[in-house]
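Colleague: Okay, structure incoming, though there's no sequence with it:
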């Protein structure tokens, strides 16, 4: 029994880690900017494409294979720095104060643009670069084989979760973010540069999404359409956990990943719909998500 349950749990946690990165980025952006960014999943796929391309270059150029590890992080940073300030200072900033319908339509248009941009730059072929996963190898414990890369993903997700919480609670920038979330108008009256806070939060959200995509490439590669699938899944996770809730995103990611893994193992026909069945059940029970409420939003 354990030889079945433990690998299932590891698979679920590793998948949850990747889902968490993109979902927590989405919920962070919503918390601070109060915008549901439909294009958020595109940065996941762009991060994956950049990481795979850089990894393939490192291998083809005969460079040390260990360079593929920092390439994953640097790819996410590159995507965030390239797109974050540019998009927030132009397109996203224009939507502040406008209706939710306008914000959704604008970010959906951005999603379509980014999807076409990916096809223009990276083509329509799938990319796969598994050097980081191969280098870490496997661990055999009691006859159960684990991919060390999967264990690394779980550890990284925990580090990001704890790091985000410490950043928000203890750092000056984190306290400024929390102040803007609590009351934007009062924050502006106190002299806080909310435009700068919005730009930093949006860029951080993009970084987290792109990091999830970069870390996913060694296990699953990247192909056209990944951005759309990721966006829908990220919204499901954010809705289950409660929009604006960092811990909610973590718990919801585990629930969704566990549902997907159980469906794959025991009911493959339900693989694609399992996360959304979970979302439906949770929202029927708690319309504001597991950690959300209709009176307050906190990060």
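Modeller: Here it is on my side, so go on. From a predicted model like this one, the values you see are computed outputs, not experimental measurements.

Colleague: three-state assignment of residue 156?
Modeller: helix (DSSP: H, G, I helix; E, B strand; the rest coil).

Colleague: With the flanking residues excluded, which residue is spatially nearest to it?
Modeller: Excluding its sequence neighbours, the residue lying closest to residue 156 (C-beta to C-beta, 6 or more residues apart in numbering) is residue 17, at 6.6 Å. The way it works is simple: take the backbone N, C-alpha and C, and place the C-beta from them, glycine included.

Colleague: What is the helix or strand hosting that neighbour packed up against?
Modeller: Secondary structure from DSSP states H and E places residue 17 in helix 2-33. When contacts are defined as 3 or more C-beta pairs under 8 Å, 6 or more residues apart in numbering; DSSP states H and E, helix 2-33 sits against helix 40-60, strand 144-147, helix 148-170, helix 172-182, helix 194-220, helix 226-241, helix 246-266.

Colleague: Nearest to residue 76, out of these?
Modeller: Smallest distance to residue 76 across the helices and strands packed on helix 2-33 (C-beta to C-beta): 3.9 Å, for helix 194-220.

Colleague: OK, contacts around the residue lying closest to residue 110 once chain neighbours are set aside?
Modeller: For residue 110, ignoring the flanking residues on the chain, the nearest one in space by C-beta to C-beta, 6+ apart is residue 39 at 4.2 Å. By C-beta atoms under 8 Å, 6 or more residues apart in numbering, the contact set of residue 39 is 107-108, 110-111, 114, 231.

Colleague: List just the nearest of the residues you listed to residue 224.
Modeller: Distance to residue 224 across the contacts of residue 39 (C-beta to C-beta) is lowest for residue 114, with 12.0 Å.

Colleague: Residue 209 versus that closest one, what's the distance?
Modeller: In this view, residue 114 and residue 209 are 12 Å apart by C-beta to C-beta, to the nearest Å.

Colleague: what sits in contact with each of the two?
Modeller: Shared contacts of residue 114 and residue 209, defined by C-beta under 8 Å, 6+ apart, are found at residue 43.

Colleague: In contact with the residue nearest to residue 156, which residues?
Modeller: Counting by C-beta under 8 Å, 6+ apart, residue 17 makes contact with 153-154, 156-157, 215, 253.

Colleague: Retrieve the pLDDT associated with residue 296.
Modeller: We have a pLDDT of 50 for residue 296.

Colleague: Lowest-confidence entry in the contacts of residue 39?
Modeller: Taken together, those show their lowest pLDDT at residue 231, with 87.

Colleague: burial count for the closest residue in space to that residue that isn't next to it in sequence?
Modeller: Residue nearest to residue 231 in three dimensions, not counting chain neighbours: residue 41, with 3.0 Å by C-beta to C-beta, 6+ apart. Residues lying near residue 41 (other C-beta atoms under 10 Å) number 28.

Colleague: Count the residues that sit near the closest residue to residue 208 other than its chain neighbours.
Modeller: In this structure, residue 208 finds its nearest non-sequential neighbour in residue 25, 3.4 Å apart by C-beta to C-beta, 6+ apart. Residues within reach of residue 25, counting by other C-beta under 10 Å, total 31.

Colleague: Now do the contacts for residue 25.
Modeller: Counting by C-beta under 8 Å, 6+ apart, residue 25 makes contact with 40, 43, 204-209, 212, 234.

Colleague: go again using 7 Å as the cut-off
Modeller: With contact taken as C-beta atoms under 7 Å, 6 or more residues apart in numbering, residue 25 is in contact with 40, 205-206, 208-209.

Colleague: cool, and residue 209?
Modeller: 21-22, 25, 40, 43-44, 47.

Colleague: out of the residues you listed, which is most surrounded?
Modeller: Tallying neighbours with other C-beta under 10 Å puts residue 44 at the head of those, with 34 neighbours.

Colleague: Perfect, that will be all.
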